[in-house]
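Visitor: Make a model of this:
(one chain, ligands or ions: 1)
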Amino acid sequence: MVNMQTVIEVQHLYCGWGQRSILEDVSFSVNRGEVITILGGSGCGKSTLLKHLIGLYPPQAGSIRIVGNELVQASSKDREAILRKIGVMYQSGALFGSMSILNNITLPLSSFSHLDSAAIDTLARLKLRLVGLEEFADFYPNELSGGMQKRAAIARAMALDPQILFLDEPSAGLDPITSAELDRLIRRLAETQGVTIMVVTHELASIAAIADRAIMLDKSIKGILAIDTPAALAQSTDRRVAGFFNAQRPSHAAV
Ligand SMILES: Nc1ncnc2c1ncn2[C@@H]1O[C@H](COP(=O)(O)OP(=O)(O)OP(=O)(O)O)[C@@H](O)[C@H]1O
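Guide: This next block holds a predicted model:
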């Protein structure tokens with residue numbers, strides 16, 4: 001029996017920059033363990049949505065509930081506790097180049113937990129094992145391939161055992177085979193760790209491989225054009241939706 005606990009609930013969200021509105025009246029919810037992709041044409045507001053969901057900017061109006069807790073109106077102390085449930089991997093990966101991979105992961109643990117250094121070391125190595133990098137703990141980011149850096153960045157985003165992971169274009173800059181490996185990791189994290197994962201991606205192959213559902217944003221309506229499983233979206237009677245899904249054949253969906 002699938003646990004249908006709602007972990008993200010967005011209601012009547014309006015967000016934009018200054019006076020400019022980008023998304024209007026956006027509502028959706030995401031269940032525990034779901035992988036959901038955010039897609040749509042350039043400038044439709046994918047990153048804007050992500051940045052508001054992770055609390056980087058306050059929305060113009062509306063509600064964002066993270067694991068049942070309202071983020072928008074929260075006091076700064078409550079906000080901090082809510083955001084602790086979230087792990088984020090930015091597009092660049094943004095590992096600290098002057099630190100070993102292991103220390104990139106121990107850093108959030110020593111900053112935000114009260115564990116002793118031996119426990120922190122053990123936990124960080126467990127995260128590296130989770131992403132298949134346990135043998136690379138002492139390497140520096142620039143000694144790893146692009147795909148390994150992405151996996152290390154995911155391990156760091158997982159350091160504090162978040163319930164939700166936000167990944168901004170994880171496949172950017174990766175070749176199709178490496179991208180498919182990353183897709184398998186994303187699926188595995190959702191299935192074995194019960195993490196809920198929201199991914200901004202343009203890659204049809206990735207969407208087909210990882211998404212339980214996809215949210216398609218649209219610039220002209222400033223909101224959600226469609227939200228459904230990739231298979232259902234590919235069959236959509238809306239030409240814009242079906243057009244996106246049928247634009248190219250997924251090349252590694254079954255890898
Ligand atoms: N920090 C910001 N300040 C002001 N305007 C912004 C900011 N970030 C994004 N925008 C504007 O908001 C609009 C939506 O941008 P956003 O980056 O959310 O789109 P996107 O769907 O992620 O696009 P892409 O696929 O090209 O990355 C764009 O017109 C962009 O110029």
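Visitor: Quick one: the helices in the stretch 51-200 of the chain, in order.
Guide: Taking DSSP state H, counting those that start in this stretch, the helices of the stretch 51-200 of the chain run over residues 76-83, 101-112, 117-130, 146-157, 176-193.
Visitor: so of those, which one's packed in deepest?
Guide: Greatest average neighbour count among the helices of the stretch 51-200 of the chain goes to helix 146-157 (a mean of 24), per mean count of other C-beta atoms under 10 Å. In short, each C-beta sits where N, CA and C put it, glycine included.
Visitor: which residues sit against that helix?
Guide: 87-90, 93-95, 101, 104-105, 107-108, 127-128, 130-133, 136, 141, 144, 165, 167, 170, 173-174, 178-179, 181-182, 185-186, 189 (C-beta atoms under 8 Å, 6 or more residues apart in numbering).
Visitor: pLDDT score assigned to the closest residue to the ligand within the stretch 51-200 of the chain?
Guide: Residue of the stretch 51-200 of the chain nearest the ligand, by C-beta to the nearest ligand atom: Val200 (6.6 Å). Looking at Val200, its pLDDT reads 95.
Visitor: Write down the beta-bridge partners of it, one by one.
Guide: With DSSP bridges as the criterion, Val200 is bridged to Ile38, Asp168.
Visitor: Same question for Ile64.
Guide: Going by DSSP bridges, Ile64 is paired in beta bridges with Val10.
Visitor: From Gln73, how far out is it?
Guide: Using C-beta to C-beta, to the nearest Å, we find Ile64 at a distance of 10 Å from Gln73.
Visitor: Compare these two (neighbour count), which wins?
Guide: Ile64 (23 against 10; other C-beta atoms under 10 Å).
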